[in-house]
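Enquirer: with the input below, show me the fold.
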Amino acid sequence: MTDLDSLGDDDTLRRNAAHAVDQFASWPAPRLHAGQDRTASVRLLLARSGQVDDVTISRDWRRQAGVTHIGEAVYEAYTCALGSLLETTALEELQRDQPNPARPTQPPATSTEPELDQALWLQRTWGTLHHIDTELAQLTHAPEQPEQRTISSPHGCLTLHLRGTGITAITSDTARVARMDTEQLRLETRSLFRTYELARPGETKARS
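Expert: Next up, the predicted model:
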């Protein structure tokens, strides 16, 4: 999380968190979260529900990512978009948990309610940030346990590797990818995520 990376002590955390929440409050809540791989070959839009809304493949993807690394590029774009979604969720939680400022008429020397509010808010803030850091770390580090199952795209060009319901990697079949043009690869990628979404337990709600 950009504004909260350097957590520091409680006072630093309070200042950084308040600044991040103030900035967040001034922006309209995004309906979609974008992610792009480092080669700019794949751009992916993720809805607030966690579903992939759209995928864009660069016309120059063969030179940028190459047929051997396009699966990694798709996965990187997905994790970037998911990271953005998780950050937004964390900021929303911090915004809800912000303590109310002390009332002007409240005698500060005879009431500890503001201090209790601040302590509770700090406790919740540390908990929220710890949770979000754990989830972001899980996105960027390969799990120690092997994947439980895989899902392949319609023509077998891309394969999702899953542990539970979480995506741990996306690999590609070089020979099959090499025969795809840009639009075919985009549709293949989109179909892969759609199959994954349909296979998820309890995934019955309409796309947000």
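Enquirer: only C-alpha atoms for contact and neighbour calcs from this point on.
Expert: Fine.
Enquirer: H33 falls within a strand, correct?
Expert: Yes. H33: assigned to a strand according to DSSP: H, G, I helix; E, B strand; the rest coil.
Enquirer: bridging residues for the closest residue to it other than its chain neighbours?
Expert: By the measure of CA to CA, 6 or more residues apart in numbering, the closest residue to H33 outside its immediate chain neighbours is L46, 5.0 Å from it. Taking DSSP bridges as the rule, L46 bridges to H33, V52.
Enquirer: next, the contact list for L46, please.
Expert: By CA atoms under 8 Å, 6 or more residues apart in numbering, L46 lies in contact with 32-34, 52-54, 78, 81-82, 85.
Enquirer: how about a cut-off of 6 Å?
Expert: 32-33, 52-53 (CA atoms under 6 Å, 6 or more residues apart in numbering).
Enquirer: what does the one helix or strand I167 maps to rub up against?
Expert: For I167, the host element (DSSP states H and E) is strand 166-172. The contact list for strand 166-172, computed with CA under 6 Å, 6+ apart, reads 71-72, 75, 157-162.
Enquirer: would you check which pair of those residues lies furthest apart?
Expert: Checked with CA to CA, those reach their widest spread between C157 and L162, with 16.6 Å between them.
Enquirer: more neighbours, those two?
Expert: C157 (23 against 18; other CA atoms under 10 Å).
Enquirer: average pLDDT for stretch 57-69?
Expert: Mean pLDDT, stretch 57-69: 96.
Enquirer: repeat that for stretch 155-174.
Expert: So the average pLDDT for stretch 155-174 ends up being 92.
Enquirer: for it, output the C-alpha coordinates as CSV.
Expert: Output of stretch 155-174 as CSV, limited to C-alpha atoms (Å, rounded to 0.1, in the frame of the first residue of the first chain):
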residue,chain,number,x,y,z
HIS,A,155,-7.5,-24.3,-26.8
GLY,A,156,-5.1,-25.3,-24.1
CYS,A,157,-2.9,-22.3,-24.5
LEU,A,158,-3.0,-21.2,-20.9
THR,A,159,-3.4,-23.1,-17.6
LEU,A,160,-4.5,-21.8,-14.2
HIS,A,161,-2.8,-23.5,-11.3
LEU,A,162,-5.0,-23.4,-8.1
ARG,A,163,-4.6,-24.1,-4.5
GLY,A,164,-8.0,-24.2,-2.9
THR,A,165,-9.8,-21.4,-4.8
GLY,A,166,-6.8,-19.2,-5.2
ILE,A,167,-4.7,-18.8,-8.3
THR,A,168,-1.1,-19.6,-7.7
ALA,A,169,0.3,-19.4,-11.2
ILE,A,170,-0.6,-19.2,-14.9
THR,A,171,1.5,-21.1,-17.4
SER,A,172,1.4,-21.3,-21.2
ASP,A,173,1.9,-23.9,-23.9
THR,A,174,4.5,-22.2,-26.1
